[in-house]
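1. sharing a sequence plus its predicted fold:
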Amino acid sequence: MRIVVIGGGIVGTAVASRLGSTDHDVTLLERSRIGEETTAASAGLLMRTAVDPAPFDLRFRDRAHEAYRDLFENGDLEAERIGIVYVAETAAFADRLEESATTLREHGTDASYLEPTELADFGIEPDGVEGGLYTPDDRICDPTAVANWFADRARNAGVDVRTGIGVTDVETRSGAVSAVDTDEGRLDADRVVNATGPWAPELNKRVGVSLPLCHTRGPMLALECREPLECPTAIFESKRYVRPAGETGAWIGAYQTDYAEGQRYDLRDRSLPDGFVESATDLETAVPALEGASVVDEWVGYRTVTPDGRPIVGETAVDGYFVAVGMTGKGITLAPAVADVVREILADEVDPEVRSRLSPARF
């Protein structure tokens, strides 16, 4: 088959890399450079942690972690193991975190519930918080480097990786995809995979596919601190997070993953939301090491979120038109597992539960 994967972020490159081991004729199209749009704007978290985890989601995440374990342990790329701590600011959320810790342990994840006084050991002020969920095996990585590693692996397997090429349309004939139109010409295609992240709804619309995908904005600040930030990545109930970055650096962001029907943003808008800087810098009360830190950079990324928090992976109502979208803030974490599912669906080898849990037809 002639397969065209659209999108050179971490999901698209992972898919192309996985399909490179097949006998198909695979082309990857990226309008910019590999991993330099949504992927580059992310915090680069490889997450073991989860709030209210379901068994399926934990098993699916384990598939991705197995792939990453081989990648990082073989020394091809680096990922720093610093852990993640979810921080409850209300008693109700603390109860959910305590239950989550139990579920994670039951499914083989190293997880523990922390009392407020124990959070002080992670540089978090215990006053004003109610508890925390700690998973020490979470890592941080350079997601652009990982995407480029997948792209290089795809090239080595014979995939035609093309950058600087924009897709203008996906042609259909008799209800099935037939070609991809680009600003450099037309490519015949038997299968097309939409892996364009927040641009996915726009491409879906061109093909006549409607899926429940909304945007959330991910503003971030890079800080230079007066002293090292000796703590895991901390995600607060209020959706703010702090991630160590270098010896005395930190990133502060907003981890917004709640679905809001029809919510769309102008993806060209890279301005910070009103009040974000004030809200972010207020975190120095909760994380004293941030006191006196200076802002050295700022940027905005966008997430694509689904109603149930799971990605949408599989063939749509348009024959041959596949999606690998709606990562809901877990694109870095789940990319290799999503790539596996795309390959398995194309080969008609996918597990029925995986198909039903991730299928576009579930909505």
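-> Cool, got the structure.
2. from here on, just use CA atoms for contacts and neighbour counts.
-> Will do.
3. residues of the helix or strand of the chain with the lowest mean pLDDT that come out buried?
-> Least confident helix or strand of the chain, by mean pLDDT, DSSP states H and E, is helix 276-281 with a mean of 87. Under the neighbour-count criterion of 16 or more other C-alpha atoms under 10 Å, helix 276-281 has 276, 277, 280, 281 buried.
4. possible to save the residues you listed as a markdown table with distance to residue 357?
-> Shown next, in a markdown table, are the buried residues of helix 276-281 (distance: C-alpha to C-alpha, whole Å):
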| residue | distance to residue 357 |
| --- | --- |
| 276 | 35 |
| 277 | 38 |
| 280 | 35 |
| 281 | 39 |
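5. any idea which of those residues is closest to residue 137?
-> Lowest distance from residue 137 to the buried residues of helix 276-281 (C-alpha to C-alpha) belongs to residue 280, with 25.6 Å.
6. that closest one against residue 250, yeah?
-> No - contact criterion C-alpha atoms under 8 Å: residue 280 and residue 250 do not qualify, at 11.5 Å.
7. what comes up buried for whatever helix or strand comes next after the least confident helix or strand of the chain?
-> With elements assigned by DSSP states H and E, the helix or strand that comes after helix 276-281 is strand 294-305. Across strand 294-305, burial judged by 16+ other C-alpha under 10 Å covers 295, 298, 300, 301, 302, 303, 304, 305.
8. then stretch 118-129?
-> 119, 120, 122, 123, 124, 125, 126, 129.
9. okay, the fourth one and residue 171: tell me how far apart.
-> The reference is to residue 123. 54 Å (C-alpha to C-alpha, to the nearest Å).
10. now swap in the third one and tell me
-> When distance is defined by C-alpha to C-alpha, residue 122 is 53 Å away from residue 171.
11. residue 260 now?
-> In terms of C-alpha to C-alpha, residue 260 sits 30 Å off from residue 171.
12. ok, now residue 83?
-> Shown here: residue 83 relative to residue 171, a distance of 45 Å by C-alpha to C-alpha.
13. double-check that residue 162 belongs to a helix.
-> No - Residue 162 is assigned strand when assessed by DSSP: H, G, I helix; E, B strand; the rest coil, not a helix.
14. mind listing the residues bridging to it?
-> residue 29 (DSSP bridges).
15. list the contacts for it?
-> Listed by C-alpha atoms under 8 Å, 6 or more residues apart in numbering, the contact partners of residue 162 are 27, 28, 29, 30.
16. if we go to 10 Å?
-> Neighbour list for residue 162: 8, 27, 28, 29, 30, 31, 32, 33, 34, 155 [criterion: C-alpha atoms under 10 Å, 6 or more residues apart in numbering].
17. ditto for residue 212
-> Listed by C-alpha under 10 Å, 6+ apart, the contact set of residue 212 reads 201, 259-262, 304-308, 312, 326, 360, 363.
18. tell me which two in these are the farthest apart.
-> Taking C-alpha to C-alpha as the measure, the contacts of residue 212 span a maximum distance of 18.0 Å, between 260 and 360.
19. and those two? Which one has more around it.
-> residue 360 (23 against 15; other C-alpha atoms under 10 Å).
20. per-residue confidence for the more buried one?
-> pLDDT for residue 360: 98.
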